[in-house]
Every structure is written in C-alpha cells, then in structure tokens.
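Engineer: Could you work out the structure for the sequence below:
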Amino acid sequence: MAKRRKEKDEDEEKPFKIPKFDEEAFVKRERRNIKTTFLAFLFGCLMALVCFGFWALMGNETNFRWPLILLVGIANAAFLRYIFLRLNIDLTDFSRRNWFSTYGIYFFTWLLVFIVFTNPPFYDDESPRIEFVSLPDIQEFGGNVLIVAKITDNVRVDYDEITLTITDPDDNVTTISPTKFDIEKIISIFEIKNPDNLTGEFSYVLSAKDVNGQIKKTSGTFSYNEDVIEISNDDELEKMDDNDDIKIDVDVDVSQRNFRVYYTLDDGVEINIDRENVAYKDEYETSPKYEGWMANNNYTMKVYVEVSHYFPNIPIQYSNIVKDTRDYKVSTTDDSGIGDETPPMPWNWTKYFKGEAQAPVLLNYDQVKVNSDTPLHRQIILPYPVSVQTPGFELIIFLVAIFAILIIFKYKKKNNNHK
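Structural biologist: Residues are numbered from 1 along each chain as shown. Predicted structure coming up:
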C-alpha cells in the first residue's frame, strides 16, 4: 500500500513535458491540404464546364435534364482520389474529415460555376413565359374579343415579334400585332372583331420571341354565337309589378370563370342580377322591385355580361362586355313596391383591403366568407386580385451552403488541433 502511494507521489512530481513540434511534418501536411483544396476547386470548375456542354447539347426539351447533370456532377467526385494519386500526393494520413472538406469544396464549386454558365449573359435557353386569357370565350355579334397576355422572359422579350395568328370558321388566316401594351409592356392586348358576323369557332396561336431568339407559342379558341344571352320569359315583360320576375339565361361557356350579369333601363345605371340558384351560372333572375325601376313606366331593357380576369401579382382588372343583340321592351304597373329594394353589388376588393364595410346587399354568387375555412378560390365568387409569393428556395440554398462551409472549417480546425 505504501509502495503504491510512493509511486503515485513520484508520478505527480514529474514535470509536464511539451510535445516536440514537428515543423517539417506540419508544413508538409499543410502544403498537401492546400494542394488538394486547389485541385478540388479546379476540378469543380472543369466539370462545371463539361456539364454545361452536356446541358446545352441536351436542350430544354429533354426530360430529367437537371437530375442527370446533377448525377454526373456528384459521380465525378470519385475522380478526385485518382487525380491525387496520379500527382503523387501523399494520402496516408488523409482523414475522413479531409475527404469531406475536399468533396464539399469540389461540389459547391461545381454547382456555383455551373449555375453561372447556364444563365444569362452566358447562356439562355428559356423561351418567354405566356399567361393569357380570352375575354370572352363566346361573344355575340357586334362585340369584340380581347386576348390579353402576360408575357415575361428571363432576359427581355422582343416586342416586335409578338403576334397573334387567327383562323376563322371559313379557314381564313389573319396575323395581327398587339393593339396596345400595358404595365411597361408586360401585358399585351389584342382586339379581335368579327365584321362579317361569322358563326362558329375561331382558333388562334399566340407567339412570342425573346431577344436571344427563343420562341414560345400557345393556342386557344373563342366563338361567336347569337344566343349567348337571352330573356327566357320575354313574353311576360309588359305591365310588370314588384312580384314579377325576369329570367335571363346565359351560356356558361362565355367564360371558364364566374362572370357578372347586369342590365340597364333606357341606358341608365347598371342593375346587377342574382343567380336563380347559386350553384348554376347559367340562370339569373331579377325584378322591378329594385332601385332603377319606376312605377307606371315604359323602358328599353338591355342585358350584358361582364367577363374579367386578374393576373397574379397584378391588381388590375382586365374585362370585356358581352351585349345581348336584342333590346327588350318592358313596362311597369302603378305598384308602390316597384323600385324600393337596393340592387345587389359585387364584392369590393378595394374596400376589403382598406378594411371598409361592403355594400348592404351583395350578389348571391359573390359573397366572400372571410371567416370561412373554405379557400377563396373554392368559393363561388367573381375573379379577384391574387398575389403569389416566391417560396425563397434561393435563401434556403444559401443557408445550407453557409452551414456546410462552417462545418468544413470546424472539422479542419479540430483535425489540425488533434495533430
């Protein structure tokens, strides 16, 4: 027992000796690490150039182009070991952390340089992006059709090369340029008329080209018909009182979206019309009970449909009108209830965004349920302004890259401390 205590005391009395620093080995190791880092960087640049060549040869019509290039970039990292050995680099003490940092430098260099090569001003294979709408999809004789297109490009659109080629029901082909531009030429508007009152389907091809020659084409159709709007009980429009109904039928294909139906009396104020059944967009019903009507009077009634559209992130309404080709003669009796009730109004989005109160009576197919769990796009409402936010994938990639770099430096520091 005493012997063990004595040995312990002798051990405690021994002074601490600083390990001998092998400067030559340290310099050799650091030079090796610098060389491997530099070679990984150069190899990443070279492979980015090679992958860019494959990217350009495959073209933007190749499916899975990006996954294939990514696999090539990752797989080629295996050549780093072969390169180091061919250059007689000593890898005997090359740790797992060293390989991790080397592969990380190669991969992020490859990714960064490849992204730079495949984007303007070095390369552009992205054709213009076109979002378009036909207003309306079916028009009555005497009315026009508006083709409204939002055309954007990652470089710049060649505005002189935006054209619309129309084929009418008689197979006559006409090519026209935009009637006007809107919002710094982002929106192109084409106005189409039918002076010969042709009935049937018109097809069109919208073409846009960017300054680098990339072309985008998209197609659509619209029609002309004489029965888009009609009053189904037009034989009951004389001597009407506040209990009488006027039933109006509208072709549902006038627009893929909801639309507003209204009428005027002697070209006066617009009087909006509710749906007879909220679920059906082809049947509407009104009555002389609404403001705008007067008792014991004769009117000329004109019926209209307004079709509208909002492009994402553009709070501007683009709309067009379909007018019934027929004018209707209506008359009212000496009824005290005529003209007493407030006509319905559509939802006012300007008031909504300002937090102001809506009109006292809203269209039965345009009543937004603010507190409802049903998303707006599933509610039965008229087109409204929409905004779409970018998910921010670039920020995520940036944060991941910063995190990876910090880990690399952390491992390199620990590795140097251990050695």
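Engineer: In the stretch 251-400 of the chain, what residue spans correspond to helices?
Structural biologist: Using DSSP state H, counting those that start in this stretch, the helices of the stretch 251-400 of the chain run over 349-354, 393-418.
Engineer: The ones you listed: lowest mean pLDDT?
Structural biologist: Among the helices of the stretch 251-400 of the chain, helix 393-418 carries the lowest mean pLDDT, a mean of 65.
Engineer: Tell me where the stretch 1-150 of the chain has strands.
Structural biologist: With DSSP state E, counting those that start in this stretch as the criterion, the stretch 1-150 of the chain has strands at 129-135, 138-139, 145-152.
Engineer: List the strands paired with the second one, with their directions.
Structural biologist: The pairing partners recorded for strand 138-139 under DSSP bridges are strand 215-224 (parallel).
Engineer: quick one: the partner strand to chain centroid distance?
Structural biologist: 19 Å (Cα atoms, centre = their mean, to the nearest Å).
Engineer: angle of that strand against strand 129-135?
Structural biologist: Computed by axes from the mean of the first three to the mean of the last three Cα atoms, to 10 degrees, the angle separating strand 215-224 from strand 129-135 equals 10 degrees.
Engineer: tell me the mean pLDDT over strand 215-224?
Structural biologist: 95.
Engineer: can you check stretch 231-244 too?
Structural biologist: 91.
Engineer: hey, C-alpha coordinates of it in PDB?
Structural biologist: Taking Å, rounded to 0.1, in the frame of the first residue of the first chain, the C-alpha atoms of stretch 231-244 are listed here in PDB:
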ATOM      1  CA  ILE A 231     -84.500  36.500 -71.600                       C
ATOM      2  CA  SER A 232     -86.400  33.200 -71.400                       C
ATOM      3  CA  ASN A 233     -89.800  34.800 -70.500                       C
ATOM      4  CA  ASP A 234     -89.700  37.700 -72.900                       C
ATOM      5  CA  ASP A 235     -93.400  37.400 -73.500                       C
ATOM      6  CA  GLU A 236     -94.100  38.400 -69.900                       C
ATOM      7  CA  LEU A 237     -92.400  41.800 -69.800                       C
ATOM      8  CA  GLU A 238     -95.500  44.100 -70.000                       C
ATOM      9  CA  LYS A 239     -97.300  45.500 -67.100                       C
ATOM     10  CA  MET A 240     -95.000  44.100 -64.500                       C
ATOM     11  CA  ASP A 241     -95.300  44.700 -60.800                       C
ATOM     12  CA  ASP A 242     -92.700  44.100 -58.000                       C
ATOM     13  CA  ASN A 243     -93.600  40.400 -57.700                       C
ATOM     14  CA  ASP A 244     -92.900  39.600 -61.300                       C
END
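Engineer: Which residues does it contact?
Structural biologist: For stretch 231-244, contacts defined as Cβ atoms under 8 Å, 6 or more residues apart in numbering pick out 245-249, 287-289, 301, 303, 324, 326, 328-333, 335, 337-338, 340. C-beta: built from backbone N, CA, C; applies to glycine.
Engineer: from those, which would you call buried?
Structural biologist: By neighbour count, with 16 or more other Cβ atoms under 10 Å, these hold 246-249, 287-289, 301, 303, 324, 328, 330, 332, 335, 338 as buried.
Engineer: quick one: which of those residues is nearest to R65?
Structural biologist: D249 (50.5 Å; Cβ to Cβ).
Engineer: Can you classify the closest one by secondary structure?
Structural biologist: State at D249, reduced to three classes by DSSP: H, G, I helix; E, B strand; the rest coil: strand.
Engineer: quick one on the thing from earlier: quick one: the strands of the stretch 1-150 of the chain as CSV, columns for mean neighbour count too.
Structural biologist: Formatted as CSV, the strands of the stretch 1-150 of the chain follow (neighbours: other Cβ atoms under 10 Å):
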stretch, mean neighbour count
strand 129-135, 20
strand 138-139, 26
strand 145-152, 20
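Engineer: Any idea which helix or strand in this protein has the lowest mean pLDDT?
Structural biologist: Scoring the helices and strands of the chain by mean pLDDT, DSSP states H and E places helix 2-13 at the bottom, with a mean of 55.
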